[in-house]
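**Q** sequence plus the predicted model coming up.
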Protein chains: 2
Amino acid sequence: MVKVIIIGTIGLDTITTPFGQVEGVLGGSATYASYASSFFAKTGIVSVVGEDFPDEHHQMLTNRGICLKGLAKKGKTFRWQGLYEFDMNEAKTLNTELNAVSEFEAELPEEYKDAEYVFLGNIDPELQLKVIGQLKNPKVIAMDTMNFWIESKKDKLIEAIKKVDVLVVNDGEARQLFDTTNLVAAGKKILDLGVKAVIIKKGEHGALLFTNNSHFNAPGYPLENVKDPTGCGDSFGGSLIGYIAKAGKLNDKVLRKAIVYATSIASHNAEDFSLERMKKLSNKEINKRFKEIKNIRKF
Amino acid sequence: MVKVIIIGTIGLDTITTPFGQVEGVLGGSATYASYASSFFAKTGIVSVVGEDFPDEHHQMLTNRGICLKGLAKKGKTFRWQGLYEFDMNEAKTLNTELNAVSEFEAELPEEYKDAEYVFLGNIDPELQLKVIGQLKNPKVIAMDTMNFWIESKKDKLIEAIKKVDVLVVNDGEARQLFDTTNLVAAGKKILDLGVKAVIIKKGEHGALLFTNNSHFNAPGYPLENVKDPTGCGDSFGGSLIGYIAKAGKLNDKVLRKAIVYATSIASHNAEDFSLERMKKLSNKEINKRFKEIKNIRKF
């Protein structure tokens, strides 16, 4: 039985960075997040692809032990084209073809409704709410979002945030959500909505965790060779829910460790295009970087 | 006898932030840096002010125990006018009157030539070299710089960097110095110039330390109420050299602690205009925040 379910996109990406270009490679928030989560717990995907989705990707995910019972098939696969310039921190979207994603229904297979650990990837907050409504007995729900939904569906987004345990956003989104540049102020306002924990991702600068009684400041891992940052945020989110599921509880200690494991996996992910680096990644390497992160913070 | 000497500007600042405005208040890199350094060690200033420099500031610094034997007087005092907008990370310079600073000679008083710990604030690299040339037996020289010198006097700047032990720069300057967005790469290239340690300040995101055998990642302190960030970089640099002088040696452990003390003091400095917060700051408060920084990093 799956312990974690991940809702999000699966797509084919065309990506250009200063270090190369790849065309039509496997991507999407649910892909990166589920792969990362699967380092810690049995994971299932709720998503949609087109009839053109290459069988090899389907096979690769299945071989990895990721459950695809929640994967619908219709029309054409979601496609995204992105460009990273000299400053690798942010992708410029060159083209998006929603295709199948525009008809995504987010219907959970019967057995997924019992899932205890859920990650709602960045999709329409109405669909996030729909997923929450189908869950019978969730223990921890974490969610991600993006500026597009803050701008276009803020009310629904706030409604969804109020129903989850952990909100994961990046610094720009946190600032935008409450119209403040101050991340501490933004974190507190998000906590006021009733979530138990807010994690603000700051790219290479690490992440901040705010809970009602504590604050944690996680470093970015100092990577010298970043090849493609696509999917780092998603693999961060997936690692997070995976580790929480493995721990079987949500407290400050678990959250802090989860964030550092997520940093380890996400930083590895940036070392190659698509899922290439994660596919080769061993638990030994994940733990090694976890320890390195400990050492670069000692004083 | 002074243990630390600080070279830099003393000026009168007019500053506007979203939280208020102050006119003609005490500022300048040497002012902030020496005040911060004086929490740890007997500190002297090498700088210049005008005949119009208010006596009360002179008195305040003297009462603090800061030695002003290296303070020249000619013409009018340096003035700077800056504006911080919604994003408090960077000041927009509205006006600069160099005045006395344009004739700054950086001549050390005889007794300062024996100083063992020296902080070369952000001034013309030719003057930084001139100061280095006057030192008889320096133990640790740290230096700061800014984009202006990287653009206009890069050769002299590199010559100066090669002669110091610790370079303190912000992330933008580090990237600019070696034309790379990657801070790890920039840090390594600076180490290749022969310095023992490079500290890259990232504002609210903390600081990175690179030495030949280690890397340290210092967090920013999560401040909710930033009133005026002016002088944070300078008080960071001053705290750093002050703590190193107090420790009496330069190694990885000392540098890491020095950076966290510097973070504590610099973050306090941002809580009010000019030196107002530092003037009220106690060792107990500095240590309290030092411990808080430890706690927000535990995992």
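**A** In hand now; what should we look at? Numbers count the residues shown, from 1 in each chain, chains lettered A, B, ... in the order given.

**Q** helix, strand, or coil at the closest residue in space to A:Phe19 that isn't next to it in sequence?
**A** Nearest residue to A:Phe19, sequence neighbours excluded (CB to CB, 6 or more residues apart in numbering or on different chains): A:Lys227, at 4.8 Å. C-beta: built from backbone N, CA, C; applies to glycine. With DSSP: H, G, I helix; E, B strand; the rest coil as the basis, A:Lys227 sits in coil.

**Q** and A:Lys227, what does it touch?
**A** A:17, A:19-20, A:270-273 (CB atoms under 8 Å, 6 or more residues apart in numbering or on different chains).

**Q** go again with 10 Å.
**A** A:Lys227 makes contacts with A:17-20, A:84, A:88, A:269-273, A:276-277, as judged by CB atoms under 10 Å, 6 or more residues apart in numbering or on different chains.

**Q** same deal with A:His205?
**A** With contacts defined as CB under 10 Å, 6+ apart, the neighbours of A:His205 are A:89, A:171, A:217-220, B:171, B:183, B:202-206, B:208, B:217, B:219-220.

**Q** from those, list just the buried residues.
**A** Buried by 16 or more other CB atoms under 10 Å in any protein chain shown: A:171, A:217-220, B:171, B:183, B:202-206, B:208, B:217, B:219-220, out of the contacts of A:His205.

**Q** list just the nearest of those to B:Asn137.
**A** Nearest to B:Asn137 among the buried ones among the contacts of A:His205 is B:Leu208, at 30.2 Å by CB to CB.

**Q** wait, isn't that closest one in contact with B:Asn182?
**A** No: counting by CB atoms under 10 Å, B:Leu208 does not reach B:Asn182; the two are 11.5 Å apart.

**Q** hmm, back to that, quick one: which of the contacts of A:Lys227 is nearest to A:Met1?
**A** A:Asn269 (27.0 Å).

**Q** neighbours around the closest residue to the closest one other than its chain neighbours, how many?
**A** Excluding the flanking residues, the one nearest A:Asn269 by CB to CB, 6+ apart is A:Ser235, at 4.6 Å. The tally of other residues near A:Ser235 (other CB atoms under 10 Å in any protein chain shown) stands at 31.

**Q** hmm, back to that, out of the contacts of A:His205, list just those in helices.
**A** A:171, B:171, B:183 (DSSP state H).

**Q** which among those residues gets closest to A:Glu97?
**A** Of the ones in helices among the contacts of A:His205, the one sitting nearest to A:Glu97 (CB to CB) turns out to be A:Asp171, at 28.5 Å.

**Q** from B:Lys92, how far off is the closest one?
**A** 21 Å (CB to CB, to the nearest Å).

**Q** A:Lys257 too?
**A** Distance from A:Lys257 to B:Lys92, by CB to CB: 41 Å.

**Q** for the two, work out which one has more neighbours and name it.
**A** A:Lys257 (15 against 10).

**Q** in a strand, the more buried one, correct?
**A** No: assessed with three-state DSSP, A:Lys257 is helix; it does not lie in a strand.

**Q** chain B contacts on the stretch 101-250 of chain A?
**A** Residues of the stretch 101-250 of chain A lying close to chain B (CB under 10 Å from any CB of the partner chain) are A:171, A:175, A:179-185, A:187-188, A:202-206, A:208-210, A:214-226.

**Q** which of those residues fall in strands?
**A** The strands, defined by DSSP state E, take in A:208-210, A:214-218 from these.

**Q** quick revisit: which members of the contacts of A:Lys227 are positioned in helices?
**A** A:269, A:276-277.

**Q** pull out the buried residues from stretch A:225-232.
**A** A:226-232.

**Q** go on, stretch A:241-253?
**A** Applying 16+ other CB under 10 Å to stretch A:241-253 flags A:241-247, A:250, A:252 as buried.

**Q** please produce JSON lines containing these, extended by pLDDT.
**A** Converted to JSON lines, the buried residues of stretch A:241-253 look like this (pLDDT from 0 to 100):
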{"residue": "A:Ile241", "pLDDT": "98"}
{"residue": "A:Gly242", "pLDDT": "98"}
{"residue": "A:Tyr243", "pLDDT": "98"}
{"residue": "A:Ile244", "pLDDT": "98"}
{"residue": "A:Ala245", "pLDDT": "98"}
{"residue": "A:Lys246", "pLDDT": "98"}
{"residue": "A:Ala247", "pLDDT": "98"}
{"residue": "A:Leu250", "pLDDT": "96"}
{"residue": "A:Asp252", "pLDDT": "95"}
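
**Q** for chain B, state which of the buried residues of stretch A:225-232 is nearest.
**A** Comparing the buried residues of stretch A:225-232 against chain B with CB to the nearest CB places A:Val226 closest, at 7.0 Å.

**Q** and chain B, is stretch A:255-268 touching that?
**A** Yes: Stretch A:255-268 is in contact with chain B by CB under 10 Å from any CB, via A:255-261.

**Q** chain center to that stretch, what's the gap?
**A** Centroid separation for stretch A:255-268 versus its chain: 12 Å, with CA atoms, centre = their mean, to the nearest Å.

**Q** quick check: mean pLDDT across it?
**A** In this model, stretch A:255-268 has a mean pLDDT of 97.

**Q** what's the answer for stretch A:27-39, then?
**A** Computed over stretch A:27-39, the average pLDDT equals 97.

**Q** what segments of chain A are helices?
**A** A:29-37, A:55-63, A:125-134, A:147-152, A:154-161, A:171-177, A:183-192, A:232-247, A:252-269, A:276-280, A:283-295.

**Q** got the buried residues for the second one?
**A** The one in question is helix A:55-63. A:57-58, A:60-61.

**Q** next one: stretch A:32-50
**A** For stretch A:32-50, by 16+ other CB under 10 Å, it's A:32-41, A:43-50.

**Q** residues touching the closest residue to chain B within the stretch 1-150 of chain A, list them.
**A** Nearest to chain B in the stretch 1-150 of chain A, going by CB to the nearest CB, is A:Asp87, at a distance of 5.2 Å. Applying CB under 10 Å, 6+ apart, we find A:Asp87 in contact with A:18, B:175, B:181.

**Q** between the residues you listed, which is nearest A:Glu159?
**A** Closest to A:Glu159, out of all of those and judged by CB to CB, is B:Thr181, at 38.6 Å.

**Q** count of neighbours near the closest one?
**A** There are 17 residues near B:Thr181, going by other CB under 10 Å.

**Q** can you pull the contacts of it?
**A** So B:Thr181 contacts A:18, A:85-89, A:204, A:226, B:171, B:174-175 (CB under 10 Å, 6+ apart).

**Q** same thing with A:Ala185?
**A** By CB under 10 Å, 6+ apart, the neighbours of A:Ala185 are A:174-175, A:178-179, B:222-225.

**Q** equivalent analysis for A:Gly206, please.
**A** Per CB under 10 Å, 6+ apart, neighbours of A:Gly206: A:200, A:217-221, A:259-260, A:263, A:293, B:205-206, B:217, B:219-220.

**Q** what separation do you get for the nearest residue to A:Thr230 once chain neighbours are set aside and A:Gln21?
**A** Of all residues not flanking A:Thr230 in the chain, A:Ile15 sits nearest, at 5.7 Å (CB to CB, 6+ apart). Relative to A:Gln21, A:Ile15 is positioned 7 Å away (CB to CB).

**Q** just A:Lys249 next, same as before
**A** 43 Å.

**Q** enumerate every residue touching the closest residue to A:Ala33 other than its chain neighbours.
**A** In this structure, A:Ala33 finds its nearest non-sequential neighbour in A:Gly238, 3.1 Å apart by CB to CB, 6+ apart. The contact partners of A:Gly238, taken as CB under 10 Å, 6+ apart, are A:4, A:6, A:8, A:29-40, A:43, A:119, A:121, A:142, A:144, A:231, A:262, A:265-266, A:269, A:278.

**Q** ditto for A:Gly242
**A** A:3-4, A:6, A:33-43, A:117, A:119, A:235, A:258, A:261-262, A:265.
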